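> when you get a sec, could you give me coordinates for this:
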Amino acid sequence: MCQIAYEPARRTILSGKKRIQSALISVFHKDGLEPIVRELDRLNVHLYSTGGTQEFIENLGIEVTPVEDLTTYPSILGGRVKTLHPKVFGGILGRRDLASDVAQLEEFAIPPIDLVIVDLYPFEATVAAGGSDGDIIEKIDIGGISLIRAAAKNHQDVLIVPAQEHYPELLRILKEHEGSASLEQRKSMAAAAFTISSAYDGATHDWFAKSKDGSDTASANNHILRYGENPHQKGAFEGDLAGLFEQLNGKDLSYNNLLDLDAAIELIDDLASIGAGKGVPFAILKHNNACGAAIRPSLKEAWEAALAADPVSAFGGVLITTVPIDKVTAELIDALFFEIICAPAFEVEALDLLRRKKNRIILQRKSASKPTTKIRTALNGVLIEDADTIVASAGTLKTATTKAPSQKEVEDLVFATILVKHTKSNAIVLARDLQLLASGTGQTSRVDALEQAIAKAGKFGFRLEGAVMASDAFFPFPDCVEIAHRAGITAVVHPGGSIRDKDSIDYCNAQGMAMCITGVRHFKH
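As a prediction, this is how the structure comes out:
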């Protein structure tokens with residue numbers, strides 16, 4: 001039986017960071033786990049684990065304590081009950097700064113757990129693959145979702161890693177901070193955790209709603225569309241549109257409208273993560289790509305800055321923001337022909353104004369979870385992947401050059417990274433002052449994408465001195481940074497990972513440019 005005393009004095013807290021001394025790892029997907037386990041071992045972190053994850057760690061030759069030794073109970077009911085025990089959840093939920101909690105942890109010999117790495121059974125993937133009811137029900141995670149919620153709730157003391165996609169960020173934290181995590185990092189991971197748990201619960205609910213009374217009632221959410229991507233193709237949408245929007249005006253949504261809306265929501269939600277402290281985000285999309293985007297103190301300013309990026313492509317586009325549409329902004333927007341406007345609310349006068357065109361689609365967005373799994377057909381089957389939920393922040397940028405970006409450049413680099421994540425590959429985004437200046441989209445060459453973006457910026461009157469550049473994938477050669485420098489760009493960001501990263505870094509150093517690396521690629525096909 002494992003007995004580790006709780007020793008508050010030894011739990012290091014430096015500069016707002018808390019050192020990780022113990023970790024519980026229980027995951028379904030093992031890919032990418034090995035470097036994390038080895039780094040935790042190097043940092044002398046005590047590891048707890050279960051089942052297949054425990055075996056995986058042991059096979060690496062690394063010491064790990066079975067959860068059964070901690071709880072003195074074996075895994076039971078075919079693995080349905082493994083971690084649901086006070087000695088596990090007490091160690092996660094115990095408040096380190098509350099004397100009564102500390103006393104109880106000591107009384108019941110409950111070791112504190114500082115890091116929880118867990119992912120969820122692939123419920124949505126099992127449903128998508130046509131699994132039987134029995135298979136699907138067994139993929140409803142109980143222990144995992146409980147661990148995620150518990151660790152996220154106690155983020156003051158515990159770092160939660162709720163999905164495989166967050167492994168790179170964890171590894172960066174462990175290496176750069178020698179096993180310590182700041183409150184900001186813990187809170188950011190907690191937010192991601194609750195996003196995942198909410199979507200997972202929503203997917204579970206949707207499956208039961210469709211399967212109640214033993215019959216498939218999915219037809220209630222089957223929307224026959226006017227046509228598919230083109231008029232000669234039939235089309236339909238399977239899903240709960242009423243749970244996402246209230247349509248206040250306009251014709252029925254089309255296949256292409258829904259694709260654009262999906263892209264618009266993904267983008268605006270990510271932009272909202274930086275807009276909270278900087279202002280209002282506004283985006284204009286066409287064919288799933290942003291042709292305009294900006295963050296400004298007011299909605300009117302955000303609209304004007306977004307439109308300025310490409311007023312030509314905005315014609316017939318999709319408009320989206322995160323704040324209610326007011327009358328002043330509606331008067332400006334009304335001058336443009338557009339397909340859809342989506343916002344959380346509309347002032348009465350603004351709505352009356354926008355409704356004057358009967359075919360204009362006006363959507364009032366509701367609060368709803370988004371799927372955590374992406375599915376598309378390919379060949380004679382389907383491709384299933386986790387949604388790309390990693391969002392750039394100042395903390396995810398690692399300076400690779402001698403010159404570090406200024407605070408203003410960091411803000412623009414984060415903004416541009418979010419935009420390039422949501423742009424068709426190969427993609428380049430140019431930005432300045434939290435405004436999209438131009439983008440190169442869907443090119444077979446990264447150089448072509450950059451040259452397209454530079455030409456487009458010039459077409460609409462933007463000079464690029466002091467602008468930043470973001471790329472969705474690494475620079476295989478220094479040609480892109482050379483072209484960017486000649487155009488006046490002063491800071492660049494890319495995922496890194498090329499065997500020739502140093503060539504681009506050396507060029508930036510020689511020219512006094514700043515370069516940041518994120519470690520996360522964002523291809524979009």
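> just the helices from the stretch 301-450 of the chain, written as ranges.
327-333, 348-354, 407-421, 446-459 (DSSP state H, counting those that start in this stretch).
> which of those helices has the highest mean neighbour count?
Comparing the helices of the stretch 301-450 of the chain by mean neighbour count (mean count of other C-beta atoms under 10 Å), helix 407-421 ranks first with a mean of 24. The C-beta positions use only the backbone N, C-alpha and C, and glycine is treated the same way.
> can you say which of the helices of the stretch 301-450 of the chain is nearest to Ala192?
With C-beta to C-beta as the criterion, Ala192 lies closest to helix 407-421 of the helices of the stretch 301-450 of the chain, at 15.0 Å.
> check the offset of the closest one from the chain's centre.
Put simply, helix 407-421 sits 15 Å off its chain's centre (C-alpha atoms, centre = their mean, to the nearest Å).
> can you check stretch 146-153 too?
Per C-alpha atoms, centre = their mean, the centroid offset for stretch 146-153 relative to its chain is 19 Å.
> kindly export that stretch (C-alpha atoms) in CSV.
What follows is stretch 146-153, C-alpha atoms only, in CSV (Å, rounded to 0.1, in the frame of the first residue of the first chain):
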residue,chain,number,x,y,z
SER,A,146,-15.0,12.9,-13.1
LEU,A,147,-11.2,13.3,-13.0
ILE,A,148,-11.3,16.1,-15.5
ARG,A,149,-13.9,18.0,-13.6
ALA,A,150,-12.3,17.5,-10.3
ALA,A,151,-8.8,18.6,-11.4
ALA,A,152,-10.2,21.6,-13.3
LYS,A,153,-12.3,22.7,-10.3
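> stretch 272-285: which residues count as buried?
272-275, 279-285 (16 or more other C-beta atoms under 10 Å).
> same check on stretch 33-50?
33, 36-37, 39-41, 43, 45-50.
> before we move on, what about stretch 133-152?
Quick answer for stretch 133-152 (16+ other C-beta under 10 Å): 136, 138-141, 143-152.
> ok, so of these, who is nearest Ile20?
Distances from Ile20 to the buried residues of stretch 133-152, taken by C-beta to C-beta, are shortest for Ala151, at 12.1 Å.
> show me what Gly292 is bridged to.
Ile284 (DSSP bridges).
> verify the stated contact: it with Ala306.
Yes - between Gly292 and Ala306 there is a contact at 3.8 Å, judged by C-beta atoms under 8 Å.
> which residues do the two both contact?
282-284, 436 (C-beta atoms under 8 Å, 6 or more residues apart in numbering).
> residue boundaries of the strands in the stretch 301-450 of the chain?
Along the stretch 301-450 of the chain, the segments classed as strands by DSSP state E, counting those that start in this stretch run 318-321, 340-343, 361-365, 373-378, 381-386, 398-399, 428-432, 435-440.
> Gly519 is nearest to which of those?
strand 398-399 (7.1 Å).
> average model confidence for that closest one?
Averaged over strand 398-399, pLDDT sits at 96.
> and it, what does it pack against?
strand 514-517 (3 or more C-beta pairs under 8 Å, 6 or more residues apart in numbering; DSSP states H and E).
> helices or strands up against the strand it packs on?
So strand 514-517, by 3+ C-beta pairs under 8 Å, 6+ apart, packs with strand 398-399, helix 407-421, strand 491-494, helix 501-511.
> rerun that using 10 Å as the cut-off
strand 398-399, helix 407-421, strand 468-471, strand 491-494, helix 501-511 (3 or more C-beta pairs under 10 Å, 6 or more residues apart in numbering; DSSP states H and E).
> dump those to JSON lines, plus distance to Ile517.
JSON lines is the format used below for the helices and strands packed on strand 514-517 (distance: least, C-beta to C-beta, whole Å):
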{"stretch": "strand 398-399", "distance to Ile517": "5"}
{"stretch": "helix 407-421", "distance to Ile517": "11"}
{"stretch": "strand 468-471", "distance to Ile517": "11"}
{"stretch": "strand 491-494", "distance to Ile517": "7"}
{"stretch": "helix 501-511", "distance to Ile517": "8"}
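> with adjacent residues omitted, what lies nearest to Phe337?
Spatial nearest neighbour of Phe337, chain neighbours left out: Phe315 (5.7 Å); criterion: C-beta to C-beta, 6 or more residues apart in numbering.
> right, and that neighbour touches Lys286 too?
Yes - counting by C-beta atoms under 10 Å, Lys286 is a contact partner of Phe315 at 8.4 Å.
> these two: who's more crowded?
Lys286 (21 against 14; other C-beta atoms under 10 Å).
> residues of stretch 513-523 that come out buried?
513-518, 520-522.
> check stretch 390-403 too.
390-393, 396-397, 400-401.
> same question for stretch 362-374.
Those would be 362-365, 369, 372-373, for stretch 362-374 by 16+ other C-beta under 10 Å.
> what's in contact with stretch 236-248?
202, 206, 209-210, 218-225, 228, 253-255, 257-258, 261, 265, 340-342, 346, 351, 354-355, 360-371 (C-beta atoms under 10 Å, 6 or more residues apart in numbering).
> good, we can wrap up now.
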